[in-house]
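Asker: give me coordinates for this.
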Amino acid sequence: MNISVIRTLAAGAALFAASPALAAPDIMWVNPGGGLSGLAVEGAPVEALKAGPRTPQQIVDGFDMLCMKTGFDKLKVNPVIARSADWGGAYMPSMMAMASGEVDLGGWQGEDHSLGVAKDVFFSPNPQCVLTVSTATHYPAVVMFPVLTARYGNPANYAEMFGPDGKPNDNTRPYWLFAGSTPTHERVLFARSLSRGSEHRIHLALLERKKAS
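Answerer: From the prediction side, this is the model:
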């Protein structure tokens with residue numbers, strides 16, 4: 001068996017091994033402007049998510065626990081998942097060969113959700129944590145928005161979210177701002193609701209970036 005990496009993910013956590021032939025987690029990553037993208041490792045099929053019955057409140061609660069309170073630290077995320085009855089899932093490594101060595105694009109994945117945490121790697125110099133949930137019901141932004149505002153207050157671009165007639169501006173993507181790890185940085189929460197045919201997904205992402213000068 002060709003083992004490409006063997007590492008411990010958390011103190012006392014399970015040992016895992018990865019091979020290019022193993023399935024990769026279905027994770028999306030976010031850029032500093034809130035755009036989403038996936039990164040595929042050649043030869044590694046993606047383990048697709050299955051739609052589940054989670055509600056917007058359950059999704060926001062999970063995001064708060066997994067991303068908002070763990071500081072972009074995989075070693076802190078792993079025990080939280082291990083203790084959770086609702087957000088379980090195995091860590092799935094996904095190794096990409098780079099000139100400087102192998103980079104792990106992996107994350108945690110349960111039946112209906114995935115969680116990616118990245119920090120100081122080539123595609124994410126900005127620390128980030130992204131929770132993706134596949135839902136049986138489509139929850140458009142207008143449904144997710146009240147749940148997020150109840151937890152985090154109005155978004156930073158709240159004034160842009162409604163037109164002169166008071167109706168929601170569908171072209172505006174809300175984002176929330178929080179204090180960063182230093183006075184020169186800020187943390188941004190991006191929320192996206194995407195639907196294509198019968199496939200519905202909620203993406204909640206927390207990213208730390210340098211403040212605009």
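Asker: need the mean per-residue confidence for the host helix or strand of residue 202.
Answerer: Assessed by DSSP states H and E, residue 202 sits inside strand 199-210. Average pLDDT, strand 199-210: 95.
Asker: which parts of that strand are buried?
Answerer: Under the neighbour-count criterion of 16 or more other Cβ atoms under 10 Å, strand 199-210 has 200, 201, 202, 203, 204, 205, 206, 207, 208, 209 buried. Where you see a C-beta, it was placed from the backbone N, CA and C, and this is true even at glycine.
Asker: test my guess that the fifth one contacts residue 190.
Answerer: Yes. Using Cβ atoms under 8 Å, residue 204 makes contact with residue 190 at a distance of 7.5 Å.
Asker: quick one: list the elements packing against the lengthiest helix in the chain.
Answerer: Taking DSSP state H as the assignment, the helix of the chain that covers the most residues is helix 141-152. Helices and strands touching helix 141-152, by 3 or more Cβ pairs under 8 Å, 6 or more residues apart in numbering; DSSP states H and E, are helix 56-63, strand 185-196.
Asker: who does the most centrally placed residue in the chain form a beta bridge with?
Answerer: Nearest to the mean C-alpha position of the chain, by Cα atoms, centre = their mean, lies residue 130 at 0.9 Å. With DSSP bridges applied, residue 130 shows beta-bridge pairing to residue 116, residue 205.
Asker: give the contact list for it.
Answerer: 27, 28, 29, 30, 67, 115, 116, 117, 203, 204, 205, 206 (Cβ atoms under 8 Å, 6 or more residues apart in numbering).
Asker: ok, residue 168 - contacts?
Answerer: 141, 142, 161, 162.
Asker: can you tell me which residues contact the second one?
Answerer: The reference is to residue 142. residue 168.
Asker: on that earlier part again, using PDB, write out every CA atom in the longest helix of the chain.
Answerer: Output of helix 141-152 as PDB, limited to C-alpha atoms (Å, rounded to 0.1, in the frame of the first residue of the first chain):
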ATOM      1  CA  ALA A 141     -31.000  33.900   1.700                       C
ATOM      2  CA  VAL A 142     -34.300  35.500   2.900                       C
ATOM      3  CA  VAL A 143     -34.800  32.400   5.200                       C
ATOM      4  CA  MET A 144     -31.100  32.200   6.400                       C
ATOM      5  CA  PHE A 145     -30.800  36.000   7.000                       C
ATOM      6  CA  PRO A 146     -33.100  36.200  10.100                       C
ATOM      7  CA  VAL A 147     -31.300  33.300  11.800                       C
ATOM      8  CA  LEU A 148     -27.900  34.800  11.200                       C
ATOM      9  CA  THR A 149     -28.900  38.300  12.300                       C
ATOM     10  CA  ALA A 150     -30.400  36.800  15.500                       C
ATOM     11  CA  ARG A 151     -27.000  35.300  16.300                       C
ATOM     12  CA  TYR A 152     -24.600  37.900  15.000                       C
END
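Asker: ok, and what's touching whichever helix or strand comes after it?
Answerer: Downstream of helix 141-152, the first helix or strand assigned by DSSP H and E is strand 175-179. Residues from elsewhere that reach strand 175-179 (Cβ under 8 Å, 6+ apart): 34, 148, 152-153, 155-157, 186-191.
Asker: now which of those would you call buried?
Answerer: 34, 148, 152, 155, 186, 187, 188, 189, 190, 191.
Asker: noted, bye for now.
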